[in-house]
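Asks: Got a predicted structure here, sequence first:
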Amino acid sequence: MILTVTPNPALDLTYRLTALVPGETHRAAPPAVRAGGKGLNVARVIAQTGGAAFALTTAGGAPGVRLADELEASQLPSELLPVASPTRTSIALVDESAGETTVVNETGDPLTDAEWTALRDATRRLAVPATAIVGSGSLPPDAPDDIYADLVAVAADRGVPSVIDAIGRALILAAAAGADVVKPNRRELAETTGDDDPVTGARILLDAGAGLVLVSLGADGMLAVPRAGEPLHARLPQPLTGNATGAGDAAVAAVATLLASGTDDPERLLRRATAWSAAAVLAPLAGELHPSYPEFEARLVTT
Ligand SMILES: O=P(O)(O)OC[C@@]1(O)O[C@H](CO)[C@@H](O)[C@@H]1O
């Protein structure tokens, strides 16, 4: 199975609005409630596409109970480490007329040292049967910077690939630890490296030690910058509108699935990641693909 580790999960509330007007009051039907956080979405997509996934995360307080209940109902194999602070909430406002989604992510509360140790220990234990390990999502305040680097080291010890979707120093340290693939989006990459050009930014992460950098470019598709050879770009002939929340997680799910099956060709990784990411935009909630996802790869333009 592919192990996903989400140190900062979120109870995702998705509201659908006919139109989002800043400064106005909106009335909405009750939100869709999902156990979210990037690694949980990655695991859901792997499961939807026929793979075996296991999600490791934390849960605390009343939102943590709701997260646990929803996760159990979804039947996604998972382990939730109990933590003292309440799980954060993330709100997605889907503007149906504009075809855009606005997201408010709480930062989350710090974990204690003992809770971080428990997360590291559980990662080591659950890595034993894993065929790939994914570390995904922002970290709560005061998190140890090396948490994803540690995960990369665990994967390397087990001889399985690692994929990291993170930001800042945690991402740089994960690259330096030799992550097989790192997948920031364009803004996260610029924030992390201080370079606005995605190819130059990606090369900073490659120089640090990453095997391949995938950069999601939103409606403009995705870029793969390998250690050897030229950068590759893939996109659909025309952009899609929908709910882009979780599109990056679908890309990570695609990459982890291919790596776990022994495929590490950058172009294949890029094409599958771009296709699943696009199919996620057409699905109503983060953590799922539109059922026509197998058709997307054939429509891509790669340069
Ligand atoms: O704060 P992070 O971890 O960067 O993002 C959290 C989040 O917005 O990302 C997922 C979509 O990718 C949601 O399920 C989740 O709530």
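Replies: Cool, got the structure. Numbering: from 1, shown residues only.
Asks: Okay, helices next: where are they in this structure?
Replies: Residue ranges of the helices in the chain, as given by DSSP state H, are 38-48, 61-74, 113-126, 147-158, 168-176, 186-193, 198-208, 247-260, 266-281.
Asks: Could I get the buried residue list for the longest one?
Replies: I take that to be helix 266-281. Of the residues in helix 266-281, those scored as buried under the neighbour-count criterion (16 or more other C-beta atoms under 10 Å) are 266, 269-281. From N, CA and C alone the C-beta is placed, and that goes for glycine too.
Asks: Stretch 105-125 too?
Replies: The neighbour-count check on stretch 105-125 (16+ other C-beta under 10 Å) flags 105-106, 108-111, 115-116, 118-120, 122-123 as buried.
Asks: any idea which of the buried residues of helix 266-281 is closest to the ligand?
Replies: Nearest to the ligand out of the buried residues of helix 266-281 is Ala280 (C-beta to the nearest ligand atom; 9.2 Å).
Asks: For that closest one, which non-adjacent residue is spatially closest?
Replies: Leaving aside its chain neighbours, Ala280 sits nearest to Ala250 (3.7 Å; criterion: C-beta to C-beta, 6 or more residues apart in numbering).
Asks: Could you pull up the residues touching the one you found?
Replies: Counting by C-beta atoms under 8 Å, 6 or more residues apart in numbering, Ala250 touches 41-42, 45, 273, 276-277, 279-280, 289.
Asks: tell me the strands in the stretch 1-150 of the chain, going along the chain?
Replies: The residue ranges that make up the strands of the stretch 1-150 of the chain, judged by DSSP state E, counting those that start in this stretch, are 2-6, 10-17, 32-36, 53-59, 78-82, 88-95, 100-105, 132-136.
Asks: elements contacting the first one?
Replies: The contact analysis (3 or more C-beta pairs under 8 Å, 6 or more residues apart in numbering; DSSP states H and E) places strand 2-6 against helix 38-48, strand 53-59, helix 113-126, strand 132-136, helix 247-260.
Asks: Please identify the most buried of these.
Replies: Here the criterion is mean neighbour count by mean count of other C-beta atoms under 10 Å, and of the helices and strands packed on strand 2-6 the winner is strand 132-136, at a mean of 31.
Asks: just to revisit the earlier point, can you list the helices of the chain in a markdown table and add distance to Tyr15?
Replies: Listed next are these as a markdown table, based on distance: least, C-beta to C-beta, whole Å:
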| stretch | distance to Tyr15 |
| --- | --- |
| helix 38-48 | 18 |
| helix 61-74 | 16 |
| helix 113-126 | 31 |
| helix 147-158 | 31 |
| helix 168-176 | 29 |
| helix 186-193 | 23 |
| helix 198-208 | 31 |
| helix 247-260 | 19 |
| helix 266-281 | 18 |
